[in-house]
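Chemist: got a sequence here, can you build the structure:
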Amino acid sequence: MGRMIITGVDRSARSRTAADWAAREALLRGMPLHVVHVTASDEWPHRPDMVADRVFAELLRRHPELEGHGSTLPGKPADVLRALAEEAELLVVGLRGEGGHAGVTVGTTAAVLTVSCPGPVVLVPGTLAGEEPPGRADGVTLGIDARDPVGPAVDLAFEAARLRGVRLHAVHAWRFPAQAARSPFPVLEEDRATWEDQEVQTLADALRPWRGKYPHVDVLEDVVLFTPAEALAHTARNSGLVVTGRRSGETALALLEHARCPVAVVPA
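Modeler: Residues are numbered from 1 along each chain as shown. The predicted structure is shown next:
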């Protein structure tokens, strides 16, 4: 297939928002875009649908330099997109599709891809505007476990910040040691300061190889006393893109419930 970005679309405005983000990313990376619409197998090929072609034509009108094409494929959306993602640079989908119910933030296809996509998947909320809102201090926010970083996620975050020429906000969530968490007594301030200093050093050590690889990326290192999902939800308010590694997918799913900007989930 070669290096390309794939975006899954349906008839919803939300998927078109995701497709537009994917088109901008394709131009930024100098890659073609493959727009895919998945239709039920029992309708294929008796009811050919031109959704993908129409969406690509719309994108081409807005982004004349865009290269790529649209395709209609039979099957279940999550299964088809997951298979395509094995060789794609990025898979981009909306948080919800046309079948989503009111009050449901993350649709079924998005949830399945979040926890099982073989490559990086970007989930785009339907409220995203064509351009990033003004006043955002951090172009890219990276959620990182400094003791066991997901290398591909760190790579993607640094590269995204480099391409955009923006600051990278690296966020490491930490907790009190188990014995302190179980203690009925309040944590002493000097103990907390000591533990926090250790976390700061751990984060600095974890990021050192990437700082050397990307010397021109401005990095804000941050350690916060929250769960990983809470930490990212709080710090991502000033971000245009959040990147997080995936092991179980639990943190990513919790974060998506509060997402206001695209979230990239990268498997370990």
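Chemist: use CA for all of it now, contacts and neighbours both
Modeler: Fine.
Chemist: I'd guessed Val112 sits against Ala78; true?
Modeler: Yes: between Val112 and Ala78 there is a contact under Cα atoms under 8 Å: 6.6 Å.
Chemist: tell me what whichever strand or helix holds Ala83 is packed against?
Modeler: For Ala83, the host element (DSSP states H and E) is helix 77-85. Taking 3 or more Cα pairs under 8 Å, 6 or more residues apart in numbering; DSSP states H and E as contact, the helices and strands that helix 77-85 lies on are strand 5-8, strand 33-39, helix 108-116.
Chemist: which is the next helix or strand following it?
Modeler: By DSSP H and E, the next helix or strand past helix 77-85 is strand 90-94.
Chemist: please name the strands paired to that following strand in the sheet, noting orientation.
Modeler: In the sheet, strand 90-94 lines up against strand 5-8 (parallel), strand 121-124 (parallel) (DSSP bridges).
Chemist: for Val200, which of those is the nearest?
Modeler: strand 121-124 (28.4 Å; Cα to Cα).
Chemist: what does the closest one contact?
Modeler: Contact partners of strand 121-124, identified using Cα atoms under 8 Å, 6 or more residues apart in numbering, comprise 17-18, 21, 90-95, 110, 113-114, 261-266.
Chemist: pull the helix or strand with minimum mean pLDDT from the chain.
Modeler: Using mean pLDDT, DSSP states H and E, helix 178-182 stands out as the lowest-scoring helix or strand of the chain, at a mean of 68.
Chemist: related to what we said a few turns ago, got the strands paired with strand 90-94 as a markdown table, with mean neighbour count and mean pLDDT columns?
Modeler: A markdown table is the format used below for those (neighbours: other Cα atoms under 10 Å; pLDDT from 0 to 100):
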| stretch | mean neighbour count | mean pLDDT |
| --- | --- | --- |
| strand 5-8 | 27 | 98 |
| strand 121-124 | 28 | 96 |
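Chemist: can you redo those strands as CSV with distance to Glu86?
Modeler: Listed next are those as CSV, based on distance: least, Cα to Cα, whole Å:
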stretch, distance to Glu86
strand 5-8, 11
strand 121-124, 11
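Chemist: which one of the ones you listed lies closest to Pro74?
Modeler: Nearest of the strands paired with strand 90-94 (Cα to Cα): strand 5-8, 12.7 Å.
Chemist: next SSE downstream of the closest one?
Modeler: Toward the C-terminus from strand 5-8 - assigned by DSSP H and E - lies helix 13-29.
Chemist: what mean pLDDT does the helix ranked longest in the chain get?
Modeler: Determined from DSSP state H, the single longest helix within the chain is helix 189-213. In this model, helix 189-213 has a mean pLDDT of 90.
Chemist: which other helices and strands contact it?
Modeler: Going by 3+ Cα pairs under 8 Å, 6+ apart, helix 189-213 lies up against helix 151-164, strand 219-224.
Chemist: looking at those, which is buried most?
Modeler: helix 151-164 (a mean of 20; mean count of other Cα atoms under 10 Å).
Chemist: contacts made by stretch 12-29 with the rest, please.
Modeler: 4-10, 32-33, 35, 55, 59, 63, 65-66, 92-98, 123-130, 163.
Chemist: name the element Thr244 belongs to?
Modeler: Here Thr244 is assigned to strand 239-246, by DSSP H and E.
Chemist: before we move on, back to that, what would the helices and strands packed on helix 189-213 look like in JSON lines with distance to Glu257 and mean pLDDT?
Modeler: What follows is those, written out as JSON lines (distance: least, Cα to Cα, whole Å; pLDDT from 0 to 100):
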{"stretch": "helix 151-164", "distance to Glu257": "20", "mean pLDDT": "97"}
{"stretch": "strand 219-224", "distance to Glu257": "20", "mean pLDDT": "95"}
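Chemist: how many neighbours does Asp148 have?
Modeler: Using other Cα atoms under 10 Å, Asp148 has 8 neighbouring residues.
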